[in-house]
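Colleague: A structural model of the following input is requested.
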Amino acid sequence: MIHTYSGETIQFEIKYKNRTSIGIYLDSFGNIEVHAPKGTQDESVIRLLEDKWDVILEKSKETKDRLNGPQEKTYHHGEPFLFFGNSFPIQVQHDPSITQDHVIFDGKTLHIQVKELEDERIQQALKRFYYKQCKAMVEKSIAVHQPHFKTKPRSIRITDSQTTWGTCDGRRQLTFNWKLAMAPRDVIDYVVVHEMCHMVHLNHDRSFWRLVGKIVPDYKEKERWLALSSWKMTV
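Modeller: A predicted model of the protein is given here:
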């Protein structure tokens, strides 16, 4: 079926089942399915769709965008970038007088000041900003969670990894992906705790996950956020 509401059109499929209520689901491709009790009138389905219209459109678009992968950045004014879990627009300012390209965040906008208007310079300024913010947040999180551990990290590094959010080796050397600065603070906390738990248990055995769960009971929600959002954590 096709339905238009508030200027937006969606296509959905209704499946009638032995159930007592109407449920709205998205498949792995972002397509909309409605599961309804046998005999349900179309009007009842439409009313529920309209009640949840904005959420349905948002989730469907996000799923389809995730399948398409990261969009190439243009570094134009107003383009959104993630910072601590929220999207903020960038504003690029050309200033030949500055000695180093840099980023200033005022709580609403990421102001990028560059000596020359070149995409590479804008990208590198953003990366340096995220590196710095990630390091500060990780160090703060480690200090907060240190009371849970008898041992301390030997070193802390921020790296550029394509495969991991963090690592801990046998010498208690911790590394973290700079892109974590795009994640919510509680997700960063989870990754920090995860790696600190490896100072006690190097593998992912049951004892490891018990320790993680003791400190971050809802750690599976944090993992889910990373799984669903990593595609858009890009510069």
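
Colleague: Tell me how far the residue sitting furthest away from the middle of the chain lies from residue 65.
Modeller: Most distant residue from the mean C-alpha position of the chain: residue 39, 40.6 Å away (Cα atoms, centre = their mean). Separation of residue 39 from residue 65 (Cβ to Cβ, to the nearest Å) stands at 36 Å. Heads up, the C-betas are built off the backbone N, CA and C, glycines and all.

Colleague: end-to-end on stretch 77-84?
Modeller: In stretch 77-84, first residue to last residue: 20 Å (Cα to Cα, to the nearest Å).

Colleague: Buried residues in that stretch, which are they?
Modeller: 79, 81, 82, 83, 84 (16 or more other Cβ atoms under 10 Å).

Colleague: Closest to residue 106 out of those?
Modeller: Comparing the buried residues of stretch 77-84 against residue 106 with Cβ to Cβ places residue 83 closest, at 11.6 Å.

Colleague: quick one, what contacts that closest one?
Modeller: When contacts are counted by Cβ atoms under 8 Å, 6 or more residues apart in numbering, residue 83 touches 105, 110, 133, 181, 182.

Colleague: what number of residues lie near the closest residue to the second one other than its chain neighbours?
Modeller: Setting aside the residues directly before and after it, residue 110 is nearest to residue 90 in space (Cβ to Cβ, 6 or more residues apart in numbering), at 4.7 Å. For residue 90, the tally of surrounding residues (other Cβ atoms under 10 Å) stands at 19.

Colleague: Domain-wise, how is the chain divided?
Modeller: According to the TED database, the chain is divided into the following domains: 2-68, 79-129, 137-232.

Colleague: Turn the ones you listed into CSV, columns for mean pLDDT.
Modeller: Listed next are the domains of the chain as CSV, based on pLDDT from 0 to 100:
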stretch, mean pLDDT
domain 2-68, 86
domain 79-129, 97
domain 137-232, 96
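
Colleague: follow-up on the earlier one: what about the residue nearest to residue 110, distance to residue 102?
Modeller: 13 Å.

Colleague: what's the overlap in contacts for those two?
Modeller: Joint contacts of residue 90 and residue 102 (Cβ under 8 Å, 6+ apart) are residue 112.

Colleague: Pretty sure residue 40 sits against residue 23.
Modeller: No - Residue 40 sits out of contact with residue 23 when judged by Cβ atoms under 8 Å, with a separation of 11.2 Å.

Colleague: higher neighbour count, these two?
Modeller: Neighbours per residue (other Cβ under 10 Å) separate residue 40 from residue 23, with residue 40 holding more: 18 against 13.

Colleague: Can you name the residues that contact that one?
Modeller: Applying Cβ under 8 Å, 6+ apart, we find residue 40 in contact with 16, 22.

Colleague: helix, strand or coil for it?
Modeller: coil (DSSP: H, G, I helix; E, B strand; the rest coil).

Colleague: quick one on the thing from earlier: tell me which of the domains of the chain sits most buried.
Modeller: Of all those, domain 137-232 carries the top mean neighbour count, a mean of 16, counting by mean count of other Cβ atoms under 10 Å.

Colleague: Name the next helix or strand downstream of the helix ranked longest in the chain, please.
Modeller: Longest helix in the chain by number of residues (criterion: DSSP state H): helix 119-145. Later in the chain than helix 119-145, the nearest helix or strand by DSSP states H and E is strand 155-159.

Colleague: Helices along the protein, start to end?
Modeller: Going by DSSP H, the chain shows helices at 42-51, 53-68, 119-145, 185-197, 206-215, 219-229.

Colleague: related to what we said a few turns ago, for the contacts of residue 83, which one is nearest residue 71?
Modeller: For the contacts of residue 83, the nearest to residue 71 is residue 182 (14.6 Å; Cβ to Cβ).
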